[in-house]
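1. show me how the following folds:
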Amino acid sequence: MPRVGSTSRHVKAQPAFTLLVGFVPHNTEPGHQVTRSLQGRQRCESSECSFYLFRGDPMERVALNTSSKVERYRNSGTTGLWAAVALLAAATPQMAAATVYIGGSPATTVQAPGTYSFRPWLSAPSGTTVKFAITGKPYWATFNTSTGQISGKVYPGNDGLYKNIRISATDGHTTGYTSIWSITVKSGTSSGGGTTTTSTLQLSAPSYTVSQTAGQITVKVNRVAGSTGAVSASYATANSTAVAGTDYTAVSGTLNWASGETATKSFTVPVMNTKPFTGTKSFNVALSKPSTGAQVGTPGTAPVAISGSGTTSGGGGGTGAPSAVTNLLLINQGGTDNANNPVKNSQSISWTAAVAGANPIASYKIYRNGVAYASVSASATTYTDSNATNSNDPGWSGYDTAATVYQYNVTAVDSTGNEGPQAAQYAVYAYRNGKSAWGNNDLSYGTLNENYSSTAGSPQGGPYDVSVQFINGGFQPAVAPPQAPTWDLEVGAFGYFVMDVNPGSTVTNGRLPFGTVSRLPPGDVYGWHPTVNVFDYGPAPMANKWGTYKIPMSALGMGFCKFTGSITGNKLTVTAITSGAALVDAGGFVTGPGVPAGTYITAYGQNSAVGTFTVAGPGINSATKVATGTLTYQRTSLYKFGIQPEVQGTTMYFNNMGFTQN
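-> As a prediction, this is how the structure comes out:
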């Protein structure tokens, strides 16, 4: 897709060829595809003249189709890319001379402390100006957009594997790419005199909950950061209010990872129901004794709450305060008629009832942004806040404003006034148990089956999931009623995007590109932030196996940050990020002293949060002047997200796709 604020150009076609460029303009509604062609005098009938090039954005493709047979080459591998380049150069030397190519052999390992540097070679048409960009840049590195050089100093604290790095170069007409590579930063000395990379072993969640009748709970442990060398860590349980031998069975042991292995490990703790109780009891799980080359990360310990199976009729019978509510969800934004009349001040939540402690539950207390806000009866499991002013802005015909973020939690209060703990998690789901919350406005350039049942078992979380056959594109669910107004789900209250993925019978190249799109008055807005690889945020994909993946919102270019900047006319200049992640990008709003309401970013001048941007809005004109000061960037409106494997013709399965607070 063309970026908003940029000009779409075609690759220059020779007379004997047909050029096809497929894209979705930013003023086109989802599902409408436009194809333009430049037809020469005749077509090349030889299959040797075929060339296919994937560009950097997984939703954008450029194809030179010179016969009825189209050969496809992925630019993520050296063999495919340069076979395509050689084929094109042999078949069309004039076109090859007018195309940008880059390459080189970057180092894949650097010793800390030390310096990393790589600059690709470049071949470009004479007289053109070439601009470089990078995706997957490690946080410790800097990148020169004029030369394409990546460099930086590394220290022992930078140990780890940095994946999916790729440099591109464009002259505005064609774009060349390096192969994708990774950099391993190593420090320290092993007993054998070599280097070792410290792996971090950590629990998959800061807390766990299990029913007393569940029989057991499985605790997962992730290996993150370094993957070099065999590592291990011990695990064990410890009593809290729950007692081993009465409420659960104590366990201990060791988890082991081979060198290069990053799969999630787990251990199981049996839960006992021989003495039913009401309320909750808890015990702790902890990691300890990491081997050489490993460390215990955060969380390294976590409480496990057991929800009692005893009756609460008559009130009480348990001990202490009520338990925490569970399954706390945002279920609606925009009111009861999002399809025809969405409103800007309505948020609805739901939860699963808490378990009473020593006394019956008398009411539930609603918290908004950390402050007690409302109270509902003990029988209630939903609440609608009709005074959530500016909680979303679905008025696409006019200018939007940055939404006000509202985050909710719920506690149970018993008849004596004892208040239970807040819910451990707050979430909103697009797909759950094989069903979409967004009606029929889901885009899939292939075949989509809801309520499908694939391989059973954790972490699928239910009998159903979503089956997607990728034929010629991606899976692009778009926000829609009944959950939210069309194309506008505000997700500023959440910190992560989560989903369960089963890659199907064949794991292709270990990559699953994923990105989010916001929608502003100009249309779909694409920023400089690259797509991420889902499989970098959880276990390595395995055929016919489910894995849970958790992507920070900041990695998707969504959230908040503060920066030093100024506005002159329609140009925003950002000189420094002062707090938060470096998020400033097209697709978000700018607020601050002197900034006109509704100011948003439509285009960018560099692949960085620091630099110049084009802004628009009802108060932006040639005379606009905002002095240098501290401003705020906010991109929290979700229009749709896109998932597109680099290898088509595969069937994958998804479930529990949504956003969580932590």
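2. strands of the stretch 101-250 of the chain, residue ranges please.
-> 101-103, 109-111, 114-118, 121-123, 131-135, 142-143, 150-154, 160-170, 175-177, 181-186, 199-203, 208-211, 216-225, 231-239 (DSSP state E, counting those that start in this stretch).
3. max-length strand in the protein?
-> Across the chain, the longest stretch assigned as strand under DSSP state E is strand 465-477.
4. the helix or strand where T268 lies to strand 199-203, inter-axis angle?
-> T268 belongs to strand 265-270 when assigned by DSSP states H and E. Between strand 265-270 and strand 199-203, the angle comes out at 30 degrees (axes from the mean of the first three to the mean of the last three CA atoms, to 10 degrees).
5. I figured V231 hits Q295, correct?
-> No. Between V231 and Q295 there is no contact under CB atoms under 8 Å: 9.3 Å. In this view, the C-beta of every residue, glycine as well, is placed from N, C-alpha and C.
6. which one of the two is surrounded by more residues?
-> V231 (26 against 18; other CB atoms under 10 Å).
7. please name the residues that touch the nearest residue to the more buried one once chain neighbours are set aside.
-> Residue nearest to V231 in three dimensions, not counting chain neighbours: A294, with 3.8 Å by CB to CB, 6 or more residues apart in numbering. Neighbouring residues of A294 by CB atoms under 8 Å, 6 or more residues apart in numbering: T198, S199, T200, L201, V231, S232, A233.
8. ok, for the fourth one, nearest residue in space, not its chain neighbours?
-> Taking CB to CB, 6+ apart as the measure, L201 lies nearest to A233, with 4.6 Å between them; neighbours along the chain are not counted.
9. just grab the bridge partners of the one you found for me.
-> Beta-bridge pairing for A233 (DSSP bridges): L255.
10. now for it, how many residues are close by?
-> 23.
11. where does the prediction get shaky in this protein?
-> 1-98, 155-158, 187-197, 225, 310-319, 394-400, 440-441, 453-463 (pLDDT under 70).
12. one more time with 50
-> Under the criterion pLDDT under 50, the flagged ranges of the chain are 1-97, 189-196, 311-314, 316, 397-398, 456-457.
13. ok, now which ones touch the spatially most central residue of it?
-> The residue lying closest to the centre of the chain (CA atoms, centre = their mean) is I551, at 4.0 Å. I551 makes contact with Y496, F497, V498, F514, V532, V534, Y537, according to CB under 8 Å, 6+ apart.
14. convert the strand or helix carrying it to PDB, retaining C-alpha atoms only.
-> Using DSSP H and E, I551 maps to strand 547-552. Output of strand 547-552 as PDB, limited to C-alpha atoms (Å, rounded to 0.1, in the frame of the first residue of the first chain):
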ATOM      1  CA  GLY A 547       2.000 -21.200  21.000                       C
ATOM      2  CA  THR A 548       1.000 -18.000  22.900                       C
ATOM      3  CA  TYR A 549       2.600 -14.800  21.700                       C
ATOM      4  CA  LYS A 550       2.600 -11.400  23.500                       C
ATOM      5  CA  ILE A 551       3.800  -8.300  21.600                       C
ATOM      6  CA  PRO A 552       4.300  -5.000  23.400                       C
END
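15. can you name the next helix or strand after that strand?
-> With secondary structure assigned by DSSP H and E, strand 547-552 is succeeded by strand 559-568.
16. what angle sits between that next one and strand 547-552?
-> 30 degrees.
17. same list (the strands of the stretch 101-250 of the chain) but as CSV, adding distance to N451.
-> Listed next are those as CSV, based on distance: least, CB to CB, whole Å:
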stretch, distance to N451
strand 101-103, 46
strand 109-111, 47
strand 114-118, 48
strand 121-123, 51
strand 131-135, 36
strand 142-143, 45
strand 150-154, 46
strand 160-170, 33
strand 175-177, 39
strand 181-186, 38
strand 199-203, 32
strand 208-211, 25
strand 216-225, 26
strand 231-239, 37
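18. of all those, which lies closest to T602?
-> Across these, T602 has its closest neighbour in strand 131-135 (18.7 Å, CB to CB).
19. the helices in the chain, which residues?
-> All helices of the chain, identified by DSSP state H, fall at 78-91, 93-97.
20. which elements pack onto the strand holding T268?
-> strand 216-225, strand 252-257 (3 or more CB pairs under 8 Å, 6 or more residues apart in numbering; DSSP states H and E).
21. any idea of the angle the first one forms with strand 199-203?
-> The one in question is strand 216-225. Using the same axes, to 10 degrees: strand 216-225 against strand 199-203 is 160 degrees.
22. S579 touches L631, doesn't it?
-> No. In this structure, S579 is not within contact of L631 by CB under 8 Å, at 11.5 Å.
23. anything in contact with each of those two?
-> By CB under 8 Å, 6+ apart, S579 and L631 have these common neighbours: K562.
24. the two: who's more crowded?
-> A direct count of neighbours by other CB under 10 Å for S579 and L631 places L631 higher, at 24 against 10.
25. residues contacting the closest residue to the more buried one other than its chain neighbours?
-> Leaving aside its chain neighbours, L631 sits nearest to G592 (3.5 Å; criterion: CB to CB, 6+ apart). Applying CB under 8 Å, 6+ apart to G592 gives the contacts V626, G629, T630, L631, T632.
26. need the residues you listed in a markdown table with distance to D385, can you?
-> Formatted as a markdown table, the contacts of G592 follow (distance: CB to CB, whole Å):
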| residue | distance to D385 |
| --- | --- |
| V626 | 33 |
| G629 | 33 |
| T630 | 30 |
| L631 | 29 |
| T632 | 24 |
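27. can you tell me which of the residues you listed are in strands?
-> Among these, DSSP E puts V626, G629, T630, L631, T632 in strands.
28. out of those, who's nearest S377?
-> Nearest to S377 among the ones in strands among the contacts of G592, with distances taken as CB to CB, is T632, at 39.0 Å.
29. next, count neighbours for the nearest residue to that closest one once chain neighbours are set aside.
-> Spatially, and ignoring its direct neighbours in sequence, T632 is nearest to T591 (4.9 Å; CB to CB, 6+ apart). Per other CB under 10 Å, the neighbour tally for T591 reads 15.
30. residues contacting T591?
-> T591 makes contact with A402, T599, L631, T632, Q634 under the criterion CB under 8 Å, 6+ apart.
31. 10 Å instead, please
-> Applying CB atoms under 10 Å, 6 or more residues apart in numbering to T591 gives the contacts T401, A402, A597, G598, T599, L631, T632, Y633, Q634.
32. kindly report the same for A324.
-> 207, 209, 280, 305, 307, 351, 354-355, 409-412, 420-425.
33. who are the contact partners of the residue lying closest to Y426 once chain neighbours are set aside?
-> Spatially, and ignoring its direct neighbours in sequence, Y426 is nearest to Q661 (4.1 Å; CB to CB, 6+ apart). With contacts defined as CB under 10 Å, 6+ apart, Q661 is in contact with 328, 330, 407-409, 423-428, 493-496.
34. separation between P290 and N144?
-> P290 is 39 Å from N144, where distance means CB to CB, to the nearest Å.
35. higher neighbour count, these two?
-> Using other CB under 10 Å, the more surrounded residue of P290 and N144 is P290, with 19 against 12.
36. ok, that one to A354 distance?
-> 37 Å.
37. give the buried residues for stretch 328-336.
-> Within stretch 328-336, the residues that qualify as buried are L328, L329, L330, I331, N332, Q333, G334, G335, counting by 16 or more other CB atoms under 10 Å.
38. for the first one, list each beta-bridge partner.
-> Taking DSSP bridges, one finds Y426 as the beta-bridge partners of L328.
39. how close does L631 sit to T599?
-> 10 Å.
40. where do the contact lists of those two overlap?
-> Contacts common to L631 and T599, judged by CB under 10 Å, 6+ apart, are I567, L572, V590, T591, G592.
41. turn those residues into JSON lines, columns for distance to A238.
-> Listed next are these as JSON lines, based on distance: CB to CB, whole Å:
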{"residue": "I567", "distance to A238": "56"}
{"residue": "L572", "distance to A238": "53"}
{"residue": "V590", "distance to A238": "50"}
{"residue": "T591", "distance to A238": "48"}
{"residue": "G592", "distance to A238": "49"}
